[in-house]
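Undergrad: Kindly return the folded structure for what I paste below:
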Amino acid sequence: MDHRKRAADIVPQNGLDLRHLIETETDADRRRTLEGAAENCRTHGSHWQWYAPWLAYDHATGEQMGLLYFDGAPKDGVASLTLEFTEPWRGSQSAGGALSAALEWAFKYGEVYVVRVRAVDQETRGMVALRSAPEKNGWYELKKPRTPWIPAWLVMGLLLGAVGGKAVGRPALGAVIGALIGGAVGAVFSLREKRRRAAVMQKLS
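TA: Below you'll find the model as predicted:
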């Protein structure tokens, strides 16, 4: 699956694409890393994207910028990501777009509240540091943005309540009741996320 962004595209590699990547790799250490990734993709089945290398491309030109690696499936709400960009993309806006796409994917498709990010070059490390991420032992901790559960559910409840109220000739009353119910549901989801986030951050501290 491609994850399109304004500045960059990222594409996970598996199957024939990953095999081609391995066969054309000239660096022995990187080739062993890719071979290990291929074995992990086979072993972990439906979770293969957490183990695969992701190719990063500049969206405007289609040029390949480098690779991104998740270090396996998330554990206790935390995932790890390594960035490996080539010149002249290190620290660039396009590299930042690739990082943003990877973070969005991780936060959306996994129970992830923190992504630990490591970069192999100084320029990219500087780019990550600009996101005000705390650094521990060479890893930058980027946190999942808080989900606006209460506003989202309040609006949804209001709209559904208005529709239901209109059916019985009381759209305003239906909207009020719907908004109250939606707000309550949103508060439950918000509290649950807050508790999970706190538990993850406590383990990292």
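
Undergrad: distance of residue 163 from residue 121?
TA: From residue 163 across to residue 121, the span is 54 Å (Cβ to Cβ, to the nearest Å). Yep, even glycine has a C-beta here, placed from its N, CA and C like the rest.

Undergrad: should've said residue 152
TA: 39 Å.

Undergrad: quick one on the thing from earlier: so for residue 163 and residue 121, which residue has more residues nearby?
TA: A direct count of neighbours by other Cβ atoms under 10 Å for residue 163 and residue 121 places residue 121 higher, at 18 against 13.

Undergrad: how much space between the more buried one and residue 112?
TA: Computed as Cβ to Cβ, the residue 121 to residue 112 distance reads 25 Å.

Undergrad: repeat for residue 201
TA: The gap separating residue 201 from residue 112 is 13 Å, by Cβ to Cβ.

Undergrad: Show me which of the two is the more surrounded one.
TA: Neighbour count, other Cβ under 10 Å: between residue 201 and residue 112, residue 112 has more, with 22 against 15.

Undergrad: ok, the more buried one - contacts?
TA: By Cβ atoms under 8 Å, 6 or more residues apart in numbering, the contact set of residue 112 is 74, 77-79, 106, 144.

Undergrad: can you give me the strands in the chain?
TA: Using DSSP state E, the strands of the chain run over residues 3-4, 8-12, 53-58, 64-70, 78-85, 114-119, 135-136, 139-143.

Undergrad: Look up which residues are beta-bridged to residue 11.
TA: Judged by DSSP bridges, the bridge partners of residue 11 are residue 55.

Undergrad: my read: it touches residue 59, true?
TA: No. Counting by Cβ atoms under 8 Å, residue 59 is not a contact partner of residue 11; they are 11.8 Å apart.

Undergrad: The longest helix along the chain versus strand 139-143: what angle between them?
TA: Taking DSSP state H as the criterion, the chain has its longest helix at helix 171-204. Angle of helix 171-204 versus strand 139-143, following axes from the mean of the first three to the mean of the last three Cα atoms, to 10 degrees, is 160 degrees.
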